[in-house]
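1. Got a sequence here, can you build the structure:
(one chain, ligands or ions: 1)
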Amino acid sequence: MSPAVSRLAIFPGSFDPLTLGHVAIIARGLELFDRLLVAVTINLRKQPLFSVAERMAMVRDAFPGEARLEVDSLQGLLAPWAGARGAVAILRGLRAPSDFEYELQMAQMNRHLQPGLDTVFLPTEAAGSYVSSSLVKEVASLGGDVSSLVPAHVLEALRARLTVSPPR
Ligand code: ADP
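-> Here you go, the predicted model:
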């Protein structure tokens with residue numbers, strides 16, 4: 001492999017919202033690959049709390065000035081999309097053994113759909129293994145403190161979005 005070839009990985013996810021768990025995986029991905037493309041997925045069957053544009057901005061704002069990080073949105077099949085961009089790998093975080101069953105099938109299916117495309121799993125640091133976007137939203141919506149689980153700009157966005165008028 002020529003050293004001039006830059007190796008691109010894609011980190012796909014909903015990021016609704018971005019958590020410090022995601023941030024850690026992105027930072028580690030940037031150590032492993034030359035370039036990282038975060039693909040914010042559009043799932044028409046789910047009603048997200050934040051728009052695709054808001055979720056993309058959350059990722060960008062967590063890594064200001066990082067030229068090796070790109071952010072894009074994705075609707076539809078990941079494997080051909082990743083192949084068309086010349087990605088060598090899909091990056092995924094693993095929080096618990098229960099994640100693995102589904103992730104293994106996805107990795108195998110993606111390789112079937114796009115031969116040569118590998119999936120790289122990064123185990124979460126133990127301290128972040130209970131952090132998920134859905135739990136962060138639920139806890140924040142019930143008034144719980146999520147300030148150590150999301151970046152400051154995401155905390156602001158959550159506060160603004162979840163502010164509800166007190167019952168009369
Ligand atoms: P999706 O619903 O598409 O899995 P998520 O935004 O929930 O989207 O997750 C995107 C990726 O980030 C997945 O690989 C997931 O395992 C990983 N991830 C989510 N939370 C954490 C965390 N706390 N630590 C490490 N990886 C995480």
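2. Not counting sequence-adjacent ones, nearest residue to Ser141?
-> Counting by Cβ to Cβ, 6 or more residues apart in numbering, Ser141 lies nearest to Leu162, which is 5.2 Å off, once chain neighbours are set aside. Backbone N, C-alpha and C define where each C-beta goes, glycine included.
3. Quick check: the gap between that neighbour and the ligand.
-> 18 Å (Cβ to the nearest ligand atom, to the nearest Å).
4. ok, now Leu91?
-> Here the criterion is Cβ to the nearest ligand atom. By it, Leu91 lies 7 Å from the ligand.
5. Low-confidence ranges, this protein, go.
-> 1-4, 164-168 (pLDDT under 70).
6. what ranges do the helices span in it?
-> 20-32, 52-62, 78-84, 97-113, 133-141, 152-162 (DSSP state H).
7. and Leu8, which of those is closest to it?
-> Comparison of the helices of the chain against Leu8 by Cβ to Cβ identifies helix 78-84 as nearest, at 8.7 Å.
8. export the closest one as CSV, just CAs?
-> Output of helix 78-84 as CSV, limited to C-alpha atoms (Å, rounded to 0.1, in the frame of the first residue of the first chain):
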residue,chain,number,x,y,z
LEU,A,78,-24.7,2.5,4.0
ALA,A,79,-22.5,-0.1,2.2
PRO,A,80,-22.6,1.3,-1.4
TRP,A,81,-22.5,4.8,-0.1
ALA,A,82,-19.3,4.0,1.8
GLY,A,83,-17.9,2.2,-1.2
ALA,A,84,-18.6,5.2,-3.5
